[in-house]
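1. What follows is a predicted structure for the sequence shown.
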Amino acid sequence: MNSGFAITTRQLSKQYGAQFAVQNLDVEIKKNITTGLIGPNGAGKTTLMSLICGFIKPSDGTVNVLGQEPNAVDLKSRVSILPQDAHFLKSLSVKVQLTMLAELQGFAKQAARKEALRVLDLVDLIEAQNKLPEQMSHGMLKRCAIAQALMGEPELILLDEPTAGLDPSTTDNIKAVIKNLQNKATIIISSHNLSVIEDLCHEVVILDKGRLHAHREIDQIVVKQQALTIKLTDHPTAEQLVHLKAADWVKDIKVGKPGSCVMVVYYDPQQTDGIEISLLQVLKDMNMGYREFTKGERLQEYMTDNFK
Ligand SMILES: Nc1ncnc2c1ncn2[C@@H]1O[C@H](COP(=O)(O)OP(=O)(O)OP(=O)(O)O)[C@@H](O)[C@H]1O
């Protein structure tokens with residue numbers, strides 16, 4: 001087995017009745033990088049995470065995790081997971097529960113308590129350590145679940161929807177926590193929040209209807225050069241687009257769905273000088289307001305184009 005991969009699947013399938021949740025999946029996830037797992041609803045992301053963790057068994061094919069079968073005892077302290085629907089006991093404070101989980105991981109009593117406080121601090125929940133789960137908001141519980149996934153020094157961390165339901169500021173905090181872990185562990189993040197994937201991941205595995213749609217470096221999908229993405233205040237009119245297309249440096253224009261107000265302008269890679277200024281000038285000439293201006297294409301546009 002190639003030791004450069006944290007996870008290898010071979011012809012992996014999971015079937016429920018006649019339906020395949022994951023089908024004939026061959027994927028190799030590199031060690032020590034962060035990989036995003038994305039795809040539309042029902043693509044098979046959670047099923048793949050569950051197969052990797054050994055929560056469910058394959059109908060066919062194999063999964064290899066850090067050189068072992070998913071359920072191997074040796075993996076217990078080496079792999080950690082944030083499940084999509086993490087639950088806590090109602091009657092114990094989060095500090096007590098995290099301390100118990102640390103003890104189960106092999107920490108001695110004192111060290112377990114220290115570890116629980118360390119991870120609660122990482123997710124900014126020290127002040128809430130004595131609260132019962134029912135006294136906490138959805139976002140606080142999510143952070144507790146993330147804290148639990150950070151205990152010990154896992155080599156492989158699987159995060160299923162780490163920022164779902166979190167407000168923008170807490171999402172940024174969680175992103176910072178994940179960034180801090182990046183050179184210490186292999187991380188897999190499944191999320192519908194594509195800016196989280198774009199900001200954190202080196203590679204992306206895209207699933208569709210249980211099958212592998214693509215596995216690429218994020219920079220190969222998100223064209224950094226030769227494109228500018230603009231979030232406009234209004235959907236561009238036909239007249240505005242004709243005017244913009246007439247500029248000699250514009251190679252092509254892609255317009256998102258009306259609700260998105262997004263426009264991607266592709267330009268000649270030979271003519272990069274002052275492109276941003278030229279575009280801003282055209283926007284001004286055509287009285288087009290904008291909210292955001294990004295170099296390159298966004299993962300969001302790739303996904304919208306490919307999964308209409
Ligand atoms: N226990 C189950 N019994 C029957 N079908 C299931 C079960 N678990 C998953 N499926 C089906 O397998 C497919 C993949 O589901 P999965 O939850 O893995 O997708 P997902 O990519 O995580 O979706 P989402 O983005 O909506 O969370 C779906 O069609 C789902 O209905």
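-> Thanks, I have the structure now.
2. my read: Tyr290 touches Ile230, true?
-> Yes: here Tyr290 reaches Ile230: they are 5.1 Å apart, a contact under C-beta atoms under 8 Å. All C-beta atoms are positioned from the backbone trio N, CA, C, and that covers glycine.
3. which residues are common contacts for the two?
-> Counting by C-beta atoms under 8 Å, 6 or more residues apart in numbering, the contacts common to Tyr290 and Ile230 are Leu283.
4. out of the two, which sits in the busier spot?
-> Ile230 (19 against 16; other C-beta atoms under 10 Å).
5. from memory Glu198 sits against Gly296, does it?
-> No: here Glu198 does not reach Gly296: they are 9.6 Å apart, not a contact under C-beta under 8 Å.
6. and Asp85, that one's in a helix?
-> No: under DSSP: H, G, I helix; E, B strand; the rest coil, Asp85 sits outside any helix and is assigned coil.
7. Next, count neighbours for it.
-> Neighbour tally, Asp85, other C-beta under 10 Å: 8.
8. Show the contacting residues for it.
-> No contacts exist for Asp85 under C-beta under 8 Å, 6+ apart.
9. and it, backbone torsions?
-> phi -120, psi 60 (degrees, to the nearest 10).
10. Quickly note the distance from it to Asp167.
-> Using C-beta to C-beta, to the nearest Å, Asp85 is found at 20 Å from Asp167.
11. Those residues of the stretch 1-150 of the chain touching the ligand, which are they?
-> 16, 21, 39, 41-47 (C-beta under 6 Å from any ligand atom).
12. Could you pick out the buried ones from the residues you listed?
-> For these, a neighbour count by 16 or more other C-beta atoms under 10 Å gives the buried set as 21, 39, 43-47.
13. Including secondary structure and pLDDT, could these go into JSON lines?
-> JSON lines is the format used below for those (DSSP: H, G, I helix; E, B strand; the rest coil; pLDDT from 0 to 100):
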{"residue": "Ala21", "secondary structure": "strand", "pLDDT": "97"}
{"residue": "Gly39", "secondary structure": "coil", "pLDDT": "95"}
{"residue": "Ala43", "secondary structure": "coil", "pLDDT": "96"}
{"residue": "Gly44", "secondary structure": "coil", "pLDDT": "96"}
{"residue": "Lys45", "secondary structure": "helix", "pLDDT": "95"}
{"residue": "Thr46", "secondary structure": "helix", "pLDDT": "93"}
{"residue": "Thr47", "secondary structure": "helix", "pLDDT": "96"}
